[in-house]
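Chemist: Predicted coordinates and the sequence they were generated for:
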Amino acid sequence: MEQIGRLFVNLQQSRRVPQMLSEIWPSMVKTLSDKEMPSFFRERYIHAGYRALNQSWKYYALSLLQRHNETVNVWTHLIGAVVVLVITTGLSETVDFKNDPHSWPLLILLLSSMAYLGFSAIAHLLASKSVFWHYTFYYLDYIGVALYQYGSAVAHFYYAIEESWHNHVQVCLPGLVKLAK
């Protein structure tokens, strides 16, 4: 009977979990419609789910767990970055990235992939703060895209052409840097 009594008390306490969470977790501001947003932030065909402007950084960080117009973008890029990190960690157990120069292009590709996905997740999560931060974070996102383009090109250069050509094609990597800009 004592165990049943404890179970009953635990079940009663579990009913209070949503209330306890709402007390611990700060309440989020409701999302806005497109008509409530300045035209700069409006996206075509997206009529609701916009986060309020000029809120605290904590608000935007906590919006990671809220449904809004950028939720899918944030989570797909964030999950992708974690997947690439897990793959890189797994590969580092079998591939000697430090001492094997032949593995360096692969490491460059993996690191540039993580940078691209991470920068993009940050941009989609935090760029709603203001026009200034919108430009700043999407500029960071574009830097991530350029890094990924360079990393991909380096991997293709080293793994897709004959190794004997590596010393003869001195213009390729500087040209890739120029194209990635």
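Modeler: Yes, it's here. Residues are numbered from 1 along each chain as shown.

Chemist: Quick one: mean pLDDT over the biggest helix by length in the chain.
Modeler: In the chain, with assignment by DSSP state H, the single longest helix is helix 131-160. Helix 131-160 shows a mean pLDDT of 93 in the predicted model.

Chemist: Arg67 and Lys30, how far apart?
Modeler: 11 Å (Cβ to Cβ, to the nearest Å). C-beta: built from backbone N, CA, C; applies to glycine.

Chemist: Ala81: neighbour count?
Modeler: 20 (other Cβ atoms under 10 Å).

Chemist: which stretch of helix or strand covers it?
Modeler: For Ala81, the element it lies in under DSSP states H and E is helix 71-92.

Chemist: For that helix, enumerate the helices and strands it packs against.
Modeler: helix 104-126 (3 or more Cβ pairs under 8 Å, 6 or more residues apart in numbering; DSSP states H and E).

Chemist: helices or strands next to the helix it packs on in the packing?
Modeler: So helix 104-126, by 3+ Cβ pairs under 8 Å, 6+ apart, packs with helix 57-62, helix 71-92, helix 131-160.

Chemist: try it again with 7 Å
Modeler: Counting contacts by 3 or more Cβ pairs under 7 Å, 6 or more residues apart in numbering; DSSP states H and E, helix 104-126 is packed against helix 71-92, helix 131-160.

Chemist: residue ranges with poor pLDDT in the chain?
Modeler: Low-confidence segments of the chain (pLDDT under 70): 1-29, 168-171, 180-181.

Chemist: can I see the domain layout of it?
Modeler: 13-69, 71-181 (automatic domain parsing).

Chemist: and these, which is most packed in?
Modeler: Ranked by mean neighbour count under mean count of other Cβ atoms under 10 Å, these are led by domain 71-181, which reaches a mean of 16.

Chemist: Need the CA coordinates for stretch 78-90. PDB is fine.
Modeler: What follows is stretch 78-90, C-alpha atoms only, in PDB (Å, rounded to 0.1, in the frame of the first residue of the first chain):
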ATOM      1  CA  LEU A  78      21.700  23.100 -36.900                       C
ATOM      2  CA  ILE A  79      21.000  19.400 -37.300                       C
ATOM      3  CA  GLY A  80      23.200  19.300 -40.400                       C
ATOM      4  CA  ALA A  81      26.100  20.900 -38.500                       C
ATOM      5  CA  VAL A  82      25.800  18.400 -35.700                       C
ATOM      6  CA  VAL A  83      25.700  15.500 -38.200                       C
ATOM      7  CA  VAL A  84      28.800  16.800 -39.900                       C
ATOM      8  CA  LEU A  85      30.500  17.200 -36.500                       C
ATOM      9  CA  VAL A  86      29.600  13.600 -35.600                       C
ATOM     10  CA  ILE A  87      30.900  12.300 -38.900                       C
ATOM     11  CA  THR A  88      34.100  14.300 -38.500                       C
ATOM     12  CA  THR A  89      34.600  13.000 -35.000                       C
ATOM     13  CA  GLY A  90      34.000   9.400 -36.200                       C
END
